[in-house]
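Undergrad: pasted the sequence and its predicted model underneath.
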Amino acid sequence: QKEVEQNSGPLSVPEGAIASLNCTYSDRGSQSFFWYRQYSGKSPELIMSIYSNGDKEDGRFTAQLNKASQYVSLLIRDSQPSDSATYLCAVNWNAGNNRKLIWGLGTSLAVNP
Amino acid sequence: EPEVTQTPSHQVTQMGQEVILRCVPISNHLYFYWYRQILGQKVEFLVSFYNNEISEKSEIFDDQFSVERPDGSNFTLKIRSTKLEDSAMYFCASTGEVRTDTQYFGPGTRLTVL
């Protein structure tokens, strides 16, 4: 059974601080890793994707992947109140034409002004 | 910017009725998906579709469910004889990026079964 685990939170940080979100996954065969943001009642919105070990930066967001530890994280620098949302970690098992995403429950982030 | 669209945004139905949820994937995408999210729970994979056929389906996707791409643009999810526990947000997604597999999501249909 392939699993993706996240701390459900809530994670509360002050405005301007760094928010650190973590995710672990069970299957070493995983190939693609995604962070989505979801506002209440809305659909997941892609924030970052990462495929190789190391860091990937995009604006205020940095994704980190460690395949040996089966761990992926998301750092949000200079957090803003508009970043308050649930952050979903999703992992793709790519087997031929089967490319489903397996999801974590999400971490709720609250950025306090 | 191209986007995935879904209709209706909210569907209310009586238990036992059939519903059809509609999606228009991004036009040059090749892979299509349905996911659902029960309130407060994880997003769950239902089915993937490629080359006009189902490529994978989850245990949730039983005989009650079916998918169709009737006209080369629309992608539909039919739920026959709806049950109370089918109440959820249903998301359609598509990807055309074979190497990176980034999936783009529609806004979702909220299905309420009474």
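TA: Now that the structure is in, tell me what you want to look at. Residues are numbered from 1 along each chain as shown, chains lettered A, B, ... in the order given.
Undergrad: so which elements touch the lowest-mean-pLDDT helix or strand in chain B?
TA: Ranking every helix and strand in chain B by mean pLDDT, DSSP states H and E puts strand B:53-57 at the bottom, with a mean of 91. The contact analysis (3 or more Cβ pairs under 8 Å, 6 or more residues apart in numbering or on different chains; DSSP states H and E) places strand B:53-57 against strand B:43-50. Heads up, the C-betas are built off the backbone N, CA and C, glycines and all.
Undergrad: what about the strand it packs on, near chain A?
TA: Yes - residues of strand B:43-50 contacting chain A under Cβ under 8 Å from any Cβ of the partner chain: B:43-45, B:48, B:50.
Undergrad: just the buried residues out of the residues you listed, in ChimeraX syntax.
TA: To isolate the buried members of those in ChimeraX, using 16 or more other Cβ atoms under 10 Å in any protein chain shown:
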select /B:43,44,45,48,50
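Undergrad: between the residues of strand B:43-50 next to chain A, which is closest to B:Gln17?
TA: Closest to B:Gln17 out of the residues of strand B:43-50 next to chain A is B:Glu44 (22.1 Å), distances taken as Cβ to Cβ.
Undergrad: list the contacts for that closest one?
TA: Listed by Cβ atoms under 8 Å, 6 or more residues apart in numbering or on different chains, the contact set of B:Glu44 reads A:103, B:35-38, B:58, B:60.
Undergrad: give me the distance between the two termini of stretch B:47-54.
TA: 7 Å (Cα to Cα, to the nearest Å).
Undergrad: quick one: buried residues of that stretch?
TA: Going by 16+ other Cβ under 10 Å, stretch B:47-54 has these buried residues: B:47-50.
Undergrad: how distant is it from the center of its chain?
TA: 12 Å (Cα atoms, centre = their mean, to the nearest Å).
Undergrad: closest to the centroid, which residue in chain B?
TA: In chain B, the centroid-proximal residue (Cα atoms, centre = their mean) is B:Trp34; its distance is 3.1 Å.
Undergrad: secondary structure element holding that one?
TA: Here B:Trp34 sits within strand B:31-37, counting by DSSP states H and E.
Undergrad: now B:Ser27
TA: Going by DSSP H and E, B:Ser27 is not part of any helix or strand.
Undergrad: and the pLDDT for it?
TA: Looking at B:Ser27, its pLDDT is 87.
Undergrad: swap in A:Ser8?
TA: For A:Ser8, pLDDT reads 82.
Undergrad: check A:Asn94 too.
TA: Looking at A:Asn94, its pLDDT stands at 64.
Undergrad: just give the nearest non-adjacent residue to B:Arg36, would you?
TA: Distance criterion Cβ to Cβ, 6 or more residues apart in numbering or on different chains; nearest residue to B:Arg36, sequence neighbours excluded, is B:Ala88 at 4.5 Å.
Undergrad: thinking the one you found is in contact with B:Trp34, fair?
TA: No - B:Ala88 lies out of contact with B:Trp34 (Cβ atoms under 8 Å); the separation is 11.0 Å.
Undergrad: if we can go back for a sec, the helix or strand just after the least confident helix or strand of chain B and chain A in contact?
TA: Using DSSP H and E, the helix or strand that follows strand B:53-57 in sequence is strand B:65-68. No - figure legend: strand B:65-68 not in contact with chain A (Cβ under 8 Å from any Cβ); closest approach 13.8 Å.
Undergrad: so what touches the helix or strand just after strand B:65-68?
TA: Downstream of strand B:65-68, the first helix or strand assigned by DSSP H and E is strand B:75-79. Contacts to strand B:75-79, defined as Cβ under 8 Å, 6+ apart, come from residues B:18-25, B:32, B:34, B:46-47, B:49, B:64-70, B:86, B:90, B:92, B:94, B:111.
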